[in-house]
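Peer 1: Got a predicted structure here, sequence first:
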Amino acid sequence: MIYNEEFETLPREVLEALQLKRLKQVVQRVYHTVGFYRRAFDEAGVQPDDIKTLDDLKKFPFTTKQDLRDNYPFGLFAVPMSSIVRLHASSGTTGRSTVVGYTKRDIDTWSELMARCFVAAGLTKNDMLHNAYGYGLFTGGLGAHYGAERLGASVIPISGGNTKRQIMILQDFGPTAICCTPSYALNLAEQGKEMGIDMKALKLRVGIFGAEPWSEKMRTEIENVLGIKALNIYGLSEIMGPGVAMECLEGRNGMHVFEDHFLVETIDPTTGAVLPPGEEGELVFTTITKEAFPLVRFRTRDISRLMTEPCRCGRTLYRMDRVMGRSDDMLIIRGVNVFPSQIEAVLMGIKGLEPHYQIIVDRIGNLDTLEVQVEVSEQLFENADEVKVLQNTERRIVKDIKDYLGVSAKVKLVEPKSLQRFEGKVSRVQDRRHI
Ligand code: DLL
């Protein structure tokens, strides 16, 4: 089933002509409305008129997450605040989060794209959706919500957490579809089992899972324990939120990128050179219809590859493979994006700690765990007869990590000079998850 038959099945030449027209417009617009882009294009010696073909895009400079941070919070918006109807943001210590804005028309486009995703998963207005993506600054909850409403499905805006209650609702309301992170799907299944519930007997038929990396092995496991079809959805706040790309029920192999709204390239993360389709590299997106927050050549740091082979669903939109990794050190812990540098910023804001720490990430059962080990200063350690001082410091770290970054961490204070020292590049993160 296809939501927007016309735009999802355009012959490639027609699609490319549309993309070129939209690309020319967006490049003109950012040059004239966003100071950052005017400077970046001038510095790179390119002008909006240089876009004659789609291929010319590669002459233009990249936009990075650092550029977004440097222009925090609203510096890259291309419309006045009076036209902005919604803001979302990633977590982060002050000044380091990414803030994104939407006009009314952007919300409209986003809702349509999410509706396309749900239809690709076989949903109709007769379905009921259990939406367990988090509502709030995170784009998952509201993004999926508006899309399901656009389709006319019944949405349960359950958001994240409170797992036992979620299971009761799954039983009592009988939703036919669910969306959440893949690890939370497994968590729900496990809790349900513990409560003595036959999770396969629920009415659920399909799940739309994303926001964190997962594997074919996890797909099989989710499908087995919940008795559903599990599909992959991709997106990122900077580009829009969920609904940048979505797997279809017919193909279940790679996610169709909504190329009438986003141009996608894969690049070599080291040299920045554009790679041919099929080759693994970093995804780079250009938004060609967004009003409030258009981005030209945004480096996602997500590693994947483009698949240009036709799909049996009839969509002509190219697909992207599962995200296979990142070209930076960003961790996704229970769906929350966390940079080690943000943890460091929290630690360095607390007196009595040394800049020596270790971050240990694991998956126990289906839950990601985060442990931070940090050395205390000699001074604090000598005063440590007062166990209370240490306890308070530990509590403060837990609280600050939760407050600033939105994740729970276990914190262990260790003696001065007890953590491993590195001669070359420091390696502060141990990711023990086998996804
Ligand atoms: O995670 C948007 C989203 C919500 C996507 C709900 C899908 C479902 P951010 O919080 O900005 O936005 O995080 C974006 O999450 O760059 C990827 O590294 C990762 N990611 C998102 N979807 C997938 C996926 C949302 N299907 C970052 N597989 C991205 C692997 C994913 N990683």
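Peer 2: On my side now, so go ahead.
Peer 1: Where in the protein is the helix or strand with the lowest mean pLDDT?
Peer 2: helix 378-382 (a mean of 83; mean pLDDT, DSSP states H and E).
Peer 1: elements contacting that helix?
Peer 2: If you count contacts as 3 or more Cβ pairs under 8 Å, 6 or more residues apart in numbering; DSSP states H and E, helix 378-382 packs onto helix 387-405. Quick note: C-beta positions are derived from backbone N, CA and C, even for glycine.
Peer 1: average model confidence for the helix it packs on?
Peer 2: What helix 387-405 shows for mean pLDDT is 92.
Peer 1: And it, how far out from the chain middle?
Peer 2: Counting by Cα atoms, centre = their mean, to the nearest Å, helix 387-405 is centred 28 Å from the centre of its parent chain.
Peer 1: quick revisit: buried stuff in the least confident helix or strand of the chain?
Peer 2: 380-381 (16 or more other Cβ atoms under 10 Å).
Peer 1: what's the offset of it from the middle of its chain?
Peer 2: From the chain centre to the centre of helix 378-382 is a distance of 41 Å (Cα atoms, centre = their mean).
Peer 1: okay, that helix in CSV with CA atoms only?
Peer 2: Taking C-alpha atoms only, helix 378-382 is exported to CSV below (Å, rounded to 0.1, in the frame of the first residue of the first chain):
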residue,chain,number,x,y,z
GLU,A,378,43.3,13.4,46.4
GLN,A,379,41.8,16.1,48.5
LEU,A,380,38.3,14.7,48.4
PHE,A,381,39.7,11.2,48.9
GLU,A,382,41.6,12.2,52.0
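Peer 1: which other residues reach it?
Peer 2: 352-353, 389-390, 393, 415-416 (Cβ atoms under 8 Å, 6 or more residues apart in numbering).
Peer 1: Which residues of the stretch 151-300 of the chain lie near the ligand?
Peer 2: Contact residues (Cβ under 6 Å from any ligand atom) of the stretch 151-300 of the chain with the ligand: 210-213, 232-237, 241-242, 300.
Peer 1: In JSON lines, list those residues along with pLDDT.
Peer 2: What follows is those, written out as JSON lines (pLDDT from 0 to 100):
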{"residue": "Gly210", "pLDDT": "97"}
{"residue": "Ala211", "pLDDT": "96"}
{"residue": "Glu212", "pLDDT": "94"}
{"residue": "Pro213", "pLDDT": "92"}
{"residue": "Asn232", "pLDDT": "98"}
{"residue": "Ile233", "pLDDT": "98"}
{"residue": "Tyr234", "pLDDT": "98"}
{"residue": "Gly235", "pLDDT": "98"}
{"residue": "Leu236", "pLDDT": "97"}
{"residue": "Ser237", "pLDDT": "97"}
{"residue": "Gly241", "pLDDT": "98"}
{"residue": "Pro242", "pLDDT": "98"}
{"residue": "Thr300", "pLDDT": "97"}
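Peer 1: Can you lay out those as CSV showing neighbour count and secondary structure?
Peer 2: Listed next are these as CSV, based on neighbours: other Cβ atoms under 10 Å; DSSP: H, G, I helix; E, B strand; the rest coil:
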residue, neighbour count, secondary structure
Gly210, 28, strand
Ala211, 27, coil
Glu212, 19, coil
Pro213, 17, coil
Asn232, 23, strand
Ile233, 26, strand
Tyr234, 24, strand
Gly235, 25, strand
Leu236, 21, strand
Ser237, 22, coil
Gly241, 26, strand
Pro242, 28, strand
Thr300, 22, strand
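Peer 1: Go through those residues and name the one nearest Thr109.
Peer 2: Gly241 (11.1 Å; Cβ to Cβ).
Peer 1: The closest one is in contact with Tyr234, isn't it?
Peer 2: No. The criterion here is Cβ atoms under 8 Å, and Gly241 misses it with Tyr234 at 10.7 Å.
Peer 1: and the residue lying closest to Gln430 once chain neighbours are set aside, helix, strand or coil?
Peer 2: Closest residue to Gln430 apart from its sequence neighbours, by Cβ to Cβ, 6 or more residues apart in numbering: Ile360 at 4.8 Å. With DSSP: H, G, I helix; E, B strand; the rest coil as the basis, Ile360 sits in strand.
Peer 1: give the contact list for Ile360.
Peer 2: 370-373, 429-430, 432.
Peer 1: between those, which is nearest Thr220?
Peer 2: Nearest to Thr220 out of the contacts of Ile360 is Arg432 (Cβ to Cβ; 21.9 Å).
Peer 1: Now do the contacts for that closest one.
Peer 2: Counted by Cβ under 8 Å, 6+ apart, Arg432 has contacts 360-363.
Peer 1: Can you classify the residue in the stretch 51-200 of the chain that the ligand sits nearest to as helix, strand or coil?
Peer 2: Relative to the ligand, the nearest point of the stretch 51-200 of the chain is Gly140 (3.5 Å; Cβ to the nearest ligand atom). Judged by three-state DSSP, the three-state class of Gly140 is helix.
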